[in-house]
Structures are given as structure tokens and as C-alpha cells.
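# got a predicted model here, sequence first, then my questions.
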Amino acid sequence: MRIDVISIFPSYFDGLTLSLLGKAQHSGILDLRVRDLRDWTHDRHRTVDDTPYGGGAGMVMKPEPWGEALDDVATSTVEATGQRPTIIFPSPAGEVFTQATARDLSTREHIVFGCGRYEGIDERVFEYAASIGEVRLISLGDYVLNGGEVATMAMIEAIGRLIPGVVGNPESLVEESHEDGLLEYPSYTKPSNWRDQPVPPVLLSGNHAAIAAWRREQQIERTRRRRPDLLPEETAL
């Protein structure tokens, strides 16, 4: 998979060179390219924002550098493969990002993330982007961040680890929180008794059927306590 990120703060993404995603890039499984939006400006101040039409607080990101950036980054895929990239703009006004979203996006060949700042990006940029790719505005949740970088990093982490070959044991992905609509069961390791807190005896029994049943019960109970909104109404009671 190829992922391009356009931001005025490219150093935000240095952490994505570490751990599993770093290894995936080194091995060629993931092609991650971080671009500086200011590279597509043409004035000596490298200006990317201006005052909003109609008045109001804050500044709005200008369409010109975004248009040129998308021309260079997104249209290259169309020219090379004939396929339209998926262009994602993190936005509190977008659809909510879920594990199902991550799994869907992990199947794409090319994703472009556009990280907005200030009061946002000129609306015409989204309309133009839709002419060269599939545009999705996506939110991490019902809150506002200073820019799209943190949300983009979270989405890349969630998407990237689902790409085949990134996580060493693919079976571990199946048992994670949200994969089956429930939160993950609690995990334990050695020692079997730590600070007078023993590991649940069933996990030491060697009875795999009993362990599986216990884990399922723990998933339902944990979800009922912490995220009842995820359960069917009759189960949440």
C-alpha cells in the first residue's frame, strides 16, 4: 500500500518510522511518503492561509497549494494505474472512524491524507479532490483537535497494522477490541500471582473450551460496563 500525507508539519510523522510500521516500510510492505504543503507555495513567505470570506475568527487554508499538491500526489496514481486514490481529510464534521473503517481502508492501493489546520481548508478543495479520487472526511470522535496530523497518525496506525504482513501473528488481529463488535477480553502473563492478585484459575486449567467460554463472557461483561452502546439492546440490560 502507498500512503501519502500532506501537512505543514511533516515532522509530526517521524514516529511512524518506528516499531511495526517502520519495519513494514523497510520491507516494502508499506510505502509512506510525507509531504510539506508549503512546497507547493510560490511566495517568499510560503503562505498557506488567508482570512475567511464573510468574516469570522481564524484563518482558512488557501486552495492554490492544495490543488497543486493533489495534482502532483493524487493524479500520479490515476496516470500510473488508472485507479482513483482514496483522499482522506480528517475533520470533526466527517464520518466517525471505526475498526470497520480501518479494515475497509486497509484494502486500498493508494491513500492520500490531507491535514488541515487553522479554521480548516477552503471547501472548494474537497470538491476538486472529488474529481480525481474518492474523498472521505473522517473524524476520530466528537471533539476538535488543532489540526489533522494527530488524527492522521491514529488512522495510519489502525489501517497499517491490518495490511497483510505488518503484524507478525495475524490471528491476534481477530481477537482484538471491536473486531467482532465487542471489547477485548483481559490478558494475563507470568507470574501467576502478583501482589496478592492471582490470575483467574480457568486460564491455568489447560481446558481450552472453558478458556474460550470465559473469554467470551469477559468480552460481553466488559463491553456492558464500558461501552453498552456497542451491545444489542437485549444484551446490554
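Perfect, thanks for sending it.
# chain center to stretch 185-201: distance?
32 Å (C-alpha atoms, centre = their mean, to the nearest Å).
# need phi/psi at the spatially most distant residue from the centre of the chain.
Using C-alpha atoms, centre = their mean, the residue of the chain lying farthest from its centre is residue 196. It sits 39.0 Å away. Backbone dihedrals for residue 196, given as degrees, to the nearest 10, come out at phi 60, psi 20.
# show me how far the helix ranked longest in the chain is from its chain's centre.
Using DSSP state H, we find that the single longest helix of the chain is helix 208-226. Relative to the centre of its chain, helix 208-226 is centred 27 Å away, using C-alpha atoms, centre = their mean.
# how about the spatially most central residue of the chain: what's its closest non-neighbour residue?
In the chain, the centroid-proximal residue (C-alpha atoms, centre = their mean) is residue 155; its distance is 0.7 Å. What sits nearest to residue 155 in space, not counting adjacent residues and going by C-beta to C-beta, 6 or more residues apart in numbering, is residue 97, at 6.1 Å. To be clear about C-beta, it is placed using only N, CA and C from the backbone, and glycine gets the same treatment.
# contact partners for that neighbour?
Neighbouring residues of residue 97 by C-beta atoms under 8 Å, 6 or more residues apart in numbering: 138-140, 151, 154-155, 158.
# next step: those restricted to helices.
Filtering the contacts of residue 97 for helices - DSSP H - leaves 151, 154-155, 158.
# which outside residues touch the strand ranked longest in the chain?
If you go by DSSP state E, the chain has its longest strand at strand 86-96. Contact partners of strand 86-96, identified using C-beta under 8 Å, 6+ apart, comprise 70, 74, 101, 105, 108, 110-116, 120-121, 126, 129, 132-145, 148, 151-152, 155.
# dump the ones in helices among the contacts of residue 97 into a markdown table; add pLDDT as well.
Putting these into a markdown table (pLDDT from 0 to 100) gives the following:
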| residue | pLDDT |
| --- | --- |
| 151 | 97 |
| 154 | 97 |
| 155 | 98 |
| 158 | 96 |
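# top of these by neighbour count?
Greatest neighbour count in the ones in helices among the contacts of residue 97, by other C-beta atoms under 10 Å, goes to residue 151: 24 neighbours.
# next up, the contacts around that one.
With contact set as C-beta under 8 Å, 6+ apart, residue 151 has these partners: 90, 97, 138-140, 145.
# buried only: go through the residues you listed for me.
With burial judged by 16 or more other C-beta atoms under 10 Å, the buried subset of the contacts of residue 151 is 90, 97, 138-140.
# ok, now how distant is the nearest residue to residue 222 once chain neighbours are set aside from residue 160?
Distances taken as C-beta to C-beta, 6+ apart place residue 183 nearest to residue 222, at 4.8 Å, with adjacent residues excluded. Going from residue 183 to residue 160 by C-beta to C-beta, to the nearest Å gives 22 Å.
# on the three-state scheme, residue 29 is what?
coil (DSSP: H, G, I helix; E, B strand; the rest coil).
# same check, this time on residue 135
Classification of residue 135 by three-state DSSP places it in strand.
# dig out what it forms beta bridges with.
Counting by DSSP bridges, residue 135 forms beta bridges with residue 87.
# on that earlier part again, the residue nearest to the centre of the chain against residue 102, yeah?
Yes. The criterion here is C-beta atoms under 8 Å, and residue 155 meets it with residue 102 at 7.2 Å.
# can you give me the neighbour number for residue 162?
Neighbours of residue 162 (other C-beta under 10 Å): 19.
# excluding chain neighbours, what is closest to it?
residue 106 (3.8 Å).
# could you check how far that neighbour is from residue 29?
Counting by C-beta to C-beta, the gap from residue 106 to residue 29 is 12 Å.
# quick one: common contacting residues for the two?
Here residue 106 and residue 29 share the contacting residues 1, 163, scored by C-beta under 8 Å, 6+ apart.
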